[in-house]
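Chemist: Pasting the sequence and the predicted coordinates here, then a few questions.
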Protein chains: 2
Amino acid sequence: MLNTSSVQPLSLERLRTACSTCGLRELCLPVGLSQPEMDRLDDLIHLRRTTKKGQSIYRAGDRFDAIYAVRSGFFKTTVLLEDGRDQVTGFYMGGELIGMDGIGTELHTCDSIALEDSEVCVIPFSRLEDLSREVQALQHHFHKVMSREIVRDHGVMMLLGSMRAEERLAAFLVNLSQRFTARGYSPSEFYLRMTREEIGSYLGLKLETVSRVFSRFQDEGLVSVQQKHIRIIDIPSLKQVMSHQQPC
Amino acid sequence: MLNTSSVQPLSLERLRTACSTCGLRELCLPVGLSQPEMDRLDDLIHLRRTTKKGQSIYRAGDRFDAIYAVRSGFFKTTVLLEDGRDQVTGFYMGGELIGMDGIGTELHTCDSIALEDSEVCVIPFSRLEDLSREVQALQHHFHKVMSREIVRDHGVMMLLGSMRAEERLAAFLVNLSQRFTARGYSPSEFYLRMTREEIGSYLGLKLETVSRVFSRFQDEGLVSVQQKHIRIIDIPSLKQVMSHQQPC
DNA sequence: CTTGTCGCTTGATTTGGATCAAACGCCCGA
DNA sequence: TCGGGCGTTTGATCCAAATCAAGCGACAAG
């Protein structure tokens, strides 16, 4: 199937899209770089790709040659089993990097799909490796990013392996809240870009269970839920639920 | 608590322990390095550590400054929740690298515990970064190792999120079998170094369930189980169970 | 050899979340 | 404005795995 997401070179728009002027630079790959170093990083990020809701930046089996920084929008990644079952392995928002699953085998191992119209910066991987041999700060930060992905995955394993449905959803909401906060959005009010089914897949639950737990949280006054619009009313209590501590 | 595992510098033993002469070099960090490059890697691996069964190489919260290559023996890593629950996030055998969880925050985020008397090579991380800025093959291979860890974690997420108990245990056995095979051991006969409880924690099951599924597999003639001694009788069928396909 | 401990197995019962089923309501295109 | 479809909610029932409980067996220390 043809991938129809558009690809555009940067030219005059260069300044606008350069890392140095990007609002996400404090969260993304350029963290800790000096101005000249950041300019060198800009040199290798020649492409952006806009991706419509539902389209992918890559699919499992595609050749790996770049990683992608989310510039705007929202993505999920999913792995697929032969028998048709699939599993959402992550949700990604502005400043986060996608595609590192492909480094190990030179092939991508999951699909990355936009949950709303989105834009990513294309970072050619071999050029990134070249530059990070010259720029220590870049090398080190890239290692940190990969390491954090591993730690995040451990968190999900913990969630899936030893938490109950309510704890999982509470942890999910608290995590989203923190990530929105880091991006300057409200910690307590946001739109979910994913369906109940996608949340369920990520959390190892069925969509009905996700829906029921949302309703229960609403009844208990922890959150207000209207379709995809979430308002977190009582973050401390949500954190308690997450940690399994009953409030006396 | 004092960490009592012994630390020893390499001197005369150097040759014996050098990557170049290590039986695991085709699985471990030196993959793809030329002889001179491997010599340079040897230069920074000055320490080995022997670790008795039950001891840790590091604990969650410990300062991160090295990663560790398993030279002999067997390890588990576990993450701990405030409320006391814990989760085994991985099992590691010869040639595999432990400790990359610590890069992101400069602190380790899990415990790594020997399941039998073991030995690891200590790889000081900042020196590894220095060298991998000079040796492209090392840089690239290290990135591959981290990427594969991420992909492995996705596999576990799939397992925990959408597979049934029998499928999980089948996948676990098939995975162990493949890793033993890659190390020159029998694909079909091995000793488990971990308890039923540790397997259960890794697979998101209780130890009773693990035990019951082992018994069921034995009744069905797929494996022979005697305590920790496992003989896989019918790998193809195990793979079928894993993929959820009933044999007609 | 004996004894104690720890890990494992097996049985009976419970339960959290899955499954099956129906209806609602938001959004979008005609 | 009016349908149609998809995503969501809610209820009734079922079931896989957890929990509770007992006893077994291997191994290590004395």
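Modeler: Yep, it's here.

Chemist: center of chain A - which residue?
Modeler: When chain A is reduced to its mean C-alpha position, the nearest residue by Cα atoms, centre = their mean turns out to be A:Tyr92, at 1.3 Å.

Chemist: Surely that one and A:Phe75 touch.
Modeler: Yes: counting by Cβ atoms under 8 Å, A:Phe75 is a contact partner of A:Tyr92 at 4.4 Å. C-betas here are computed from N, CA, C, even on glycine.

Chemist: shared neighbours, the two?
Modeler: Shared contacts of A:Tyr92 and A:Phe75 (Cβ atoms under 8 Å, 6 or more residues apart in numbering or on different chains): A:98, A:112.

Chemist: Show me the domain layout of chain A.
Modeler: A:4-140, A:163-242 (automatic domain parsing).

Chemist: is stretch A:190-200 anywhere near DNA strand D?
Modeler: Yes: shown here: stretch A:190-200 in contact with DNA strand D (Cβ under 7 Å from any atom of the strand) through A:192, A:195-197.

Chemist: For those residues, give me JSON lines that also has neighbour count and secondary structure.
Modeler: Converted to JSON lines, the residues of stretch A:190-200 next to DNA strand D look like this (neighbours: other Cβ atoms under 10 Å in any protein chain shown; DSSP: H, G, I helix; E, B strand; the rest coil):
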{"residue": "A:Leu192", "neighbour count": "20", "secondary structure": "coil"}
{"residue": "A:Thr195", "neighbour count": "14", "secondary structure": "coil"}
{"residue": "A:Arg196", "neighbour count": "18", "secondary structure": "helix"}
{"residue": "A:Glu197", "neighbour count": "15", "secondary structure": "helix"}
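
Chemist: quick check, nearest of those residues to A:Ser147?
Modeler: A:Leu192 (27.9 Å; Cβ to Cβ).

Chemist: What residues does that closest one make contact with?
Modeler: Counting by Cβ under 8 Å, 6+ apart, A:Leu192 touches A:176, A:199, A:228-230.

Chemist: for chain A, which helix is longest?
Modeler: Criterion DSSP state H: the longest helix present in chain A is helix A:136-162.

Chemist: Could you list the buried residues of it?
Modeler: Residues of helix A:136-162 classed as buried by neighbour count (16 or more other Cβ atoms under 10 Å in any protein chain shown): A:138-162.

Chemist: Then stretch A:198-210?
Modeler: Neighbour counts over stretch A:198-210 (16+ other Cβ under 10 Å) mark A:198-205, A:209-210 as buried.

Chemist: Next, the distance between the ends of that stretch.
Modeler: Its first and final residues considered, stretch A:198-210 spans 10 Å by Cα to Cα, to the nearest Å.

Chemist: Need the nearest residue in space to A:Leu24, chain neighbours excluded.
Modeler: Leaving aside its sequence neighbours, A:Leu24 sits nearest to A:Gly95 (Cβ to Cβ, 6 or more residues apart in numbering or on different chains; 3.8 Å).

Chemist: Could you double-check that the one you found lies in contact with A:Arg183?
Modeler: Yes: with contact defined as Cβ under 8 Å, A:Gly95 counts as touching A:Arg183 (7.0 Å).

Chemist: the more surrounded of the two?
Modeler: Set side by side, A:Gly95 and A:Arg183 show more neighbours around A:Gly95, with 21 against 15, by other Cβ atoms under 10 Å in any protein chain shown.

Chemist: Spell out the secondary structure type for that one.
Modeler: Look at A:Gly95: counting by DSSP: H, G, I helix; E, B strand; the rest coil, its state is coil.

Chemist: now the strands for chain A?
Modeler: For chain A, applying DSSP state E gives strands covering A:6-9, A:47-51, A:56-58, A:66-72, A:74-80, A:86-93, A:97-98, A:111-114, A:118-124, A:189-191, A:223-226, A:229-232.

Chemist: quick one: the fourth one to chain centroid distance?
Modeler: So that's strand A:66-72. Mean C-alpha position of strand A:66-72 versus that of the full chain (Cα atoms, centre = their mean, to the nearest Å) differs by 10 Å.

Chemist: What of the second one?
Modeler: Per Cα atoms, centre = their mean, the displacement of strand A:47-51 from the mean C-alpha position of its chain is 16 Å.

Chemist: So what are the sheet partners of that strand and their directions?
Modeler: Paired neighbours of strand A:47-51 in the sheet (DSSP bridges): strand A:6-9 (antiparallel), strand A:118-124 (antiparallel).

Chemist: cool, the fifth one as well?
Modeler: Note on strand A:74-80: by DSSP bridges, its sheet partners are strand A:86-93 (antiparallel), strand A:111-114 (antiparallel).

Chemist: Reformat these as a markdown table; add distance to DNA strand D and mean pLDDT.
Modeler: Below are those laid out as a markdown table (distance: least, Cβ to the nearest atom of the strand, whole Å; pLDDT from 0 to 100):
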| stretch | distance to DNA strand D | mean pLDDT |
| --- | --- | --- |
| strand A:86-93 | 13 | 97 |
| strand A:111-114 | 12 | 96 |
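
Chemist: Please render those strands as JSON lines that adds distance to A:Val120 to the earlier fields.
Modeler: Below are these laid out as JSON lines (distance: least, Cβ to Cβ, whole Å):
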{"stretch": "strand A:86-93", "distance to A:Val120": "9"}
{"stretch": "strand A:111-114", "distance to A:Val120": "9"}
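
Chemist: Surely A:Met242 and A:Phe172 touch.
Modeler: No: taking Cβ under 8 Å as the definition, A:Met242 is not a contact partner of A:Phe172, at 9.1 Å.

Chemist: of all the strands of chain A, which lies closest to A:Cys28?
Modeler: Closest approach to A:Cys28 among those (Cβ to Cβ): strand A:66-72, 5.3 Å.

Chemist: strands paired with the closest one, and their directions?
Modeler: Its sheet considered, strand A:66-72 pairs with strand A:97-98 (antiparallel), strand A:118-124 (antiparallel) by DSSP bridges.
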